[in-house]
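1. Please find the sequence and the predicted model below.
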Amino acid sequence: MRNSFTSMVDCDTALRLIAACAENVSVHSMHVPLADAVGRIAAEDVRAVLPRPEADISAMDGYAFDHAAMQAAPAGLPVAGQTAAGDLPMPLPSGQALGILTGARIPQGADCVMAKERMHLTEADCVMPAKVLAGKGANIRRAGEEFSKGEILITRGTRLDWRHTALLACQGFRDVAVVRPVRVAVVSNGAELAADASDARADSNSPMLAALLREAGAAVTQHSVPSDNEQTLMQTLADVWAEADVLVTTGGISVGQTDHVLDALSNLGAQTVFRGVTIRPGKPLTVMADGKRTAFCLPGNPGASAICALVFLLPYLRAVMGVTSPSVMVPGVVDFAFTPVVGTTHFIPVSCQPSEQGWCFSALPNVGASDIIVFSRASALLRVDPASPVEPGQARWVLPLQPNGI
């Protein structure tokens, strides 16, 4: 397919076509130790095997007693001993109190707990309220008040973090079922990448993309074809795609005589999902598929490659991995004007500064599709559709460059 742009799709159509590709992919699961689960995607719903708390327990250090008995004892109740978390206390003797520590089970016969500092211990070793008697049932955490046995604690598709570790650990789980990382092969190409090229260039794209994809939870391998030879490129693509779920190429997809990626993939049997998108930067973006395997062919300019990965590739990975939470979008107000080119969706790197009205979004100087440093200065991408020019003071939503927000 000698690289024309006669049937480009718009941004939303490209996203829909990519989502349809993701629907054809089935993910596999694996079990990992709880200590290794952070950042992984839950492969199934996780239900509570025990209620929390498992039994009625004390909410504080103090004394447990029968409320009616304390009301009827002006001289207080004698202390029968003490119980702590981990103990199985005997039933409370009638007319007595029991010292109790936080988290300890409430003994049978007690229906009230008061904090130690709110109680008075007499010379006769009896306890009574220092001032006011608490109400019946006070300071007791009831069995199952947090969640009950069988309740869903973590839903399938949740990205696990420290909060979920706490839930799983309190239930005694030592491992958890997670989605197997999607295997992604990143391939850069071009004779300028050869170490002995007369005008050798450093490959910044594949390390950048690999880092971005690993951060998203993919298992990434990096490959380079430092040549403009189509047969060499095709052989490398065949070899690495055979071991990967997703192929990501960078460069070699425009209209030059050394742009061989699309023809090579076509010769390997891949079909075009779409060729080119009406966006800036990133117009050459092309997606191809071979059965359930998908290839994302990204532009060679680093800025365009990064934006295409953020806007199109990451949503595909999230869909394949079953991630249920949508991409984080942040609202704010813009302080600049921008008029989009007719029929083109633009993605503008912006800085985000807090203000009295919330976030303020400012455009950053950049030199276009090849700019790298602008992303280290930006916090988010602002999408500008053809019919939505930007005016100062407008409320807008942006896509953070970091997975957890600005």
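-> Ah, there it is. Quantities reported herein were computed from a predicted structural model and do not represent experimental measurements. Numbering: from 1, shown residues only.

2. which stretches of the stretch 101-250 of the chain form helices?
-> For the stretch 101-250 of the chain, applying DSSP state H, counting those that start in this stretch gives helices covering 162-170, 205-215, 230-241.

3. Show me what the last one is packed up against.
-> So the one you mean is helix 230-241. strand 183-189, strand 219-225, strand 246-250, helix 261-267 (3 or more Cβ pairs under 8 Å, 6 or more residues apart in numbering; DSSP states H and E). To be clear about C-beta, it is placed using only N, CA and C from the backbone, and glycine gets the same treatment.

4. wait, which of the ones you listed is closest to residue 21?
-> Among those, strand 246-250 comes nearest to residue 21, with 9.7 Å by Cβ to Cβ.

5. which residues make contact with the closest one from outside it?
-> 182-189, 205-206, 209, 213, 218, 237, 240-241, 261, 265, 293-300, 305, 309, 313, 316-317, 320 (Cβ atoms under 8 Å, 6 or more residues apart in numbering).

6. Let's see that with 7 Å instead.
-> For strand 246-250, the external contacting residues (Cβ atoms under 7 Å, 6 or more residues apart in numbering) are 182, 184-189, 205-206, 209, 237, 240-241, 261, 294-298, 300, 305, 313.

7. so who does residue 217 touch?
-> By Cβ under 7 Å, 6+ apart, the residues touching residue 217 are 39-41, 181, 321.

8. Just the buried ones from those?
-> 40-41, 181, 321 (16 or more other Cβ atoms under 10 Å).

9. Go through those residues and say which is closest to residue 90.
-> Closest to residue 90, out of all of the buried ones among the contacts of residue 217 and judged by Cβ to Cβ, is residue 40, at 44.6 Å.

10. Give the residue spans of the stretch 1-150 of the chain that score low on pLDDT.
-> The model of the stretch 1-150 of the chain has pLDDT under 70 over residues 1-4.

11. Now do the strands in it.
-> Secondary structure of the stretch 1-150 of the chain, counting by DSSP state E, counting those that start in this stretch: strands at 29-33, 46-47, 57-58, 62-65, 77-83, 97-100, 112-115, 119-121, 126-129, 140-141.

12. in its sheet, what does the longest one sit against?
-> Here strand 77-83 has these sheet partners by DSSP bridges: strand 97-100 (parallel), strand 126-129 (antiparallel).

13. same deal with the last one?
-> Strands flanking strand 140-141 in the sheet, each with its direction: strand 57-58 (antiparallel) (DSSP bridges).

14. List the contacts of the partner strand.
-> Contacts of strand 57-58 (Cβ under 7 Å, 6+ apart): 64, 100-106, 113, 139-141.

15. who wins for most neighbours among the residues you listed?
-> residue 100 (32 neighbours; other Cβ atoms under 10 Å).

16. contacting residues for that one?
-> Here residue 100 is in contact with 58, 62-64, 82-83, 113 (criterion: Cβ under 7 Å, 6+ apart).

17. so which of the residues you listed comes closest to residue 155?
-> For the contacts of residue 100, the nearest to residue 155 is residue 58 (32.1 Å; Cβ to Cβ).

18. Quick one: the helices in the stretch 251-400 of the chain, in order.
-> So, for the stretch 251-400 of the chain - with DSSP H, counting those that start in this stretch - the helices run 261-267, 302-308, 314-320, 373-377.

19. Show me the one of those helices that comes nearest residue 176.
-> Between the helices of the stretch 251-400 of the chain, helix 314-320 lies closest to residue 176; by Cβ to Cβ that is 19.2 Å.

20. Can you give me the buried ones in stretch 373-381?
-> So, applying 16+ other Cβ under 10 Å, buried residues of stretch 373-381: 374-375, 378-381.

21. And the contacts of it?
-> 303, 306-307, 310, 330, 347-352, 364, 366, 398-401, 406.

22. rerun at 8 Å
-> By Cβ under 8 Å, 6+ apart, stretch 373-381 touches 303, 306-307, 310-311, 330, 347-352, 361, 364-366, 398-402, 406.

23. still on that earlier bit, so which of the helices and strands packed on helix 230-241 is the most packed in?
-> Ranked by mean neighbour count, those are led by strand 246-250 with a mean of 28 (mean count of other Cβ atoms under 10 Å).

24. And stretch 102-112, end to end?
-> 13 Å (Cα to Cα, to the nearest Å).

25. and what of stretch 332-339?
-> Chord length of stretch 332-339, first to last residue, is 19 Å (Cα to Cα).

26. check contacts around residue 143.
-> Per Cβ under 8 Å, 6+ apart, neighbours of residue 143: 51, 53-56.

27. let's see 6 Å
-> 51, 53, 55-56 (Cβ atoms under 6 Å, 6 or more residues apart in numbering).

28. helices or strands up against the longest strand along the chain?
-> The strand that spans the most residues within the chain, counting by DSSP state E, is strand 345-355. The contact analysis (3 or more Cβ pairs under 6 Å, 6 or more residues apart in numbering; DSSP states H and E) places strand 345-355 against strand 358-363, strand 380-384.

29. hmm, back to that, go through the buried residues of stretch 373-381 and say which is closest to residue 341.
-> residue 381 (17.1 Å).

30. any idea how far that closest one lies from residue 303?
-> Relative to residue 303, residue 381 is positioned 11 Å away (Cβ to Cβ, to the nearest Å).

31. And residue 333, by the same measure?
-> Residue 333 is 25 Å from residue 303, by Cβ to Cβ.

32. returning to that earlier point: just the buried ones from the contacts of residue 143?
-> By 16+ other Cβ under 10 Å, the contacts of residue 143 give 51, 53, 56 as buried.
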